[in-house]
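[1] Got a sequence here, can you build the structure:
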Amino acid sequence: MEIAILIMLLVVPVCFMLTIVFLLSYLVKRNKSRLKNAAISFAIGVVGPILLIVIEEVFFSYNISDKEEVLVASREASIGGILLKLYADSTFETGGFRQVTSAGKFSLSKDTLFIVSANKTEAGEEFTKRSFLIKDGHLEETTDTGVGYLEIHENTLK
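    The predicted structure follows:
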């Protein structure tokens with residue numbers, strides 16, 4: 001999503017500035033080709049970002065296997081961040097916002113969430129075994145391994 005946002009931040013203002021320039025030049029010279037150019041640049045400025053978002057979600061989605069998500073939690077940081085997704089089949093995926101760095105199984109015991117990674121991560125023991133307390137609106141790590149807390153965005157756990 002970051003690349004699509006950057007492209008939109010560049011394309012949309014340029015298209016709208018071109019639209020204004022073409023409209024002003026149409027008002028001065030009354031040339032219909034200027035009005036046509038204004039319409040084209042406006043359409044690109046509106047349809048382009050929508051098309052980018054749709055393409056990004058369809059082809060570059062984080063959840064490629066389209067599993068049912070039961071909990072989504074994340075913590076943003078200036079560089080990177082952590083995204084944790086729990087699925088209905090008791091599996092989880094975690095990583096940055098663009099790629100999965102660890103996956104495995106999770107279990108739930110009252111208000112405590114236990115996750116156990118099935119694979120070793122590049123960063124070592126980053127998410128091998130973790131436990132979180134489920135509190136109102138966030139997950140709080142029970143041991144201090146650097147995650148701290150994750151804000152819950154979606155929660156349908158039972």
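[2] quick one, phi/psi of T112?
    For T112, the backbone dihedrals are phi -120, psi 130 (criterion: degrees, to the nearest 10).
[3] Check whether it really touches S131, as I assumed.
    Yes: using C-beta atoms under 8 Å, T112 is in contact with S131, at 5.8 Å. In this view, the C-beta of every residue, glycine as well, is placed from N, C-alpha and C.
[4] where does this protein dip in pLDDT?
    Counting by pLDDT under 70, the ranges of the chain that qualify are 1-4, 59-66, 78, 80, 97-98, 119-127, 145, 158.
[5] One more pass at 80, please.
    1-8, 53, 55-67, 77-81, 95-102, 118-128, 143-148, 157-158 (pLDDT under 80).
[6] Residue ranges of each domain in it, please.
    Per the record, the chain has its domains at 2-59, 69-155, by automatic domain parsing.
[7] so who does the closest residue to F132 other than its chain neighbours touch?
    If the residues on either side of it in the chain are set aside, F132 comes closest to L139, at 4.0 Å by C-beta to C-beta, 6 or more residues apart in numbering. L139 is in contact with 73, 84, 113, 132-133, 149-150, 152, counting by C-beta atoms under 8 Å, 6 or more residues apart in numbering.
[8] Which single one of those residues is nearest to T91?
    Distance ranking of those against T91, using C-beta to C-beta, places L84 first at 11.8 Å.
[9] For the closest one, what is the enclosing helix or strand?
    strand 81-87 (DSSP states H and E).
[10] What residues sit buried inside that strand?
    Going by neighbour count (16 or more other C-beta atoms under 10 Å), the buried part of strand 81-87 is 82-87.
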